[in-house]
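Chemist: give me the fold of what follows.
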Amino acid sequence: MKKYFLLLFVTVLMSCKSEKQLQNIKLEGFVFGTTYHITFLNSNSNTYQKSIDSLFQLVNQSTSTYIPTSDISKVNKGDSTVVLDAFFTEVIEKSKRIYKETSGYFDPTVGNLVNAWGFGPKKTLKNLDSVQVAKMMELVGLDKVNLVNGKLKKESPEIYLDFNSIGKGYGIDVIGRFLESKKITNYLVEIGGEIRARGKNSKGNYWKVAIEKPNTDGTQSLHSTVELINESMATSGNYRKFRITKEGKKYVHTVNPKTGFATESNLLSASVIAASDCADVDAYATAFMAMGLENVKVFLNKYKHVKAVLIYADKDGKLLEFKNF
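Modeler: I've put the predicted structure just below:
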């Protein structure tokens, strides 16, 4: 019995010593057109910076429309010979699933319209009338795009894919999975406000993150905080990326795949949380902004594993909140 307690004491002591030796590693930089912050607990001082930079480059080269030589840029130019890598393949497969789950409100084939409304890498038009939109909507629909023998087959070579509404989340997942492959179980990866959190922070607490108020004047202020318990979170809103014409017409960066127009729904911001990949909640958040409040409520009632904080304005302009947790 004495030997047992001695062994138990030594085991606990070694465990405590091991925990104290964990180093709090913090990385930050610029990627995907925005900033990133990575925090993780490691048993040594290895930051894995070179590996992380390399992964960012690979994801960019596969899925970024802002790189003319990327795989997605080649596909968008009508090149049907591109053999898609694992990154592109997973993103298109996820997109297909979420396209169905959201009844088409998440649809990366709105790329032509994103460009046309002035929010993509190719700014072709500024203001579209209903006839122009109707014509461009003929190229919208993820069901018009399929994976065949490792290549992407499009019904029309003019269909333009845009993964910006899922890409940041996916890049976060790639880094999170890499850290997990190194036996790192406590980390937080954030890119442009999208987050994947696993385990706990250096103080032994679950990761706590902020949800911003949807301020249209460019200022930043806190709406609330949430605790992420092995979860991912993404926020989408039209309160920063928008433009107003000389006539006073407002266009937002979220293009509604159902209508083709870049007009606001009654949601100001949607923060989505789930114990899933960040790519999933990133895509859901984008879809919710197009759906509008009531359609999102119906979705959340069906997909109960998805949590959301929805901020909207009533007819008097007062900010209100809906959340399902």
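
Chemist: thought Ile67 was touching Gln61?
Modeler: Yes - here Ile67 reaches Gln61: they are 6.5 Å apart, a contact under CB atoms under 8 Å. Any C-beta I mention is one placed from the backbone N, CA and C, and that applies to glycine too.

Chemist: for Ser73, give me its contacts.
Modeler: Ser64, Thr65, Ile67 (CB atoms under 8 Å, 6 or more residues apart in numbering).

Chemist: buried members of those into PyMOL, please.
Modeler: Selection of buried members from those for PyMOL, criterion 16 or more other CB atoms under 10 Å:
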select buried, resi 64+65
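
Chemist: and stretch 274-290, how far from the chain's centre?
Modeler: 6 Å (CA atoms, centre = their mean, to the nearest Å).

Chemist: with stretch 23-36 instead?
Modeler: 16 Å.

Chemist: pLDDT of that stretch, averaged?
Modeler: Here stretch 23-36 scores 97 as its mean pLDDT.

Chemist: what do you get for stretch 80-88?
Modeler: pLDDT averaged over stretch 80-88 gives 97.

Chemist: same check on stretch 271-288?
Modeler: Here the average pLDDT along stretch 271-288 is 97.

Chemist: list the buried residues in that stretch.
Modeler: 271-274, 276-288.

Chemist: in stretch 192-210, which residues are buried?
Modeler: Buried, per 16+ other CB under 10 Å, within stretch 192-210: Gly192, Gly193, Glu194, Ile195, Arg196, Ala197, Arg198, Gly199, Lys200, Asn201, Trp207, Val209.

Chemist: check the secondary structure at the fifth one for me.
Modeler: Looking back up the chat, that one is Arg196. Recorded secondary structure, Arg196: strand (DSSP: H, G, I helix; E, B strand; the rest coil).

Chemist: ok, the last one next?
Modeler: Of the three states, Val209 takes strand under three-state DSSP.

Chemist: tell me where the stretch 101-250 of the chain has helices.
Modeler: 111-116, 130-136, 164-181 (DSSP state H, counting those that start in this stretch).

Chemist: which of the buried residues of stretch 192-210 sit farthest apart?
Modeler: Gly192 and Lys200 (23.6 Å; CB to CB).

Chemist: low-confidence stretches in the chain?
Modeler: 1-20, 122-126, 216-218, 239-253 (pLDDT under 70).

Chemist: and with 50 instead?
Modeler: Scanning the chain for pLDDT under 50 picks out the ranges 1-19.
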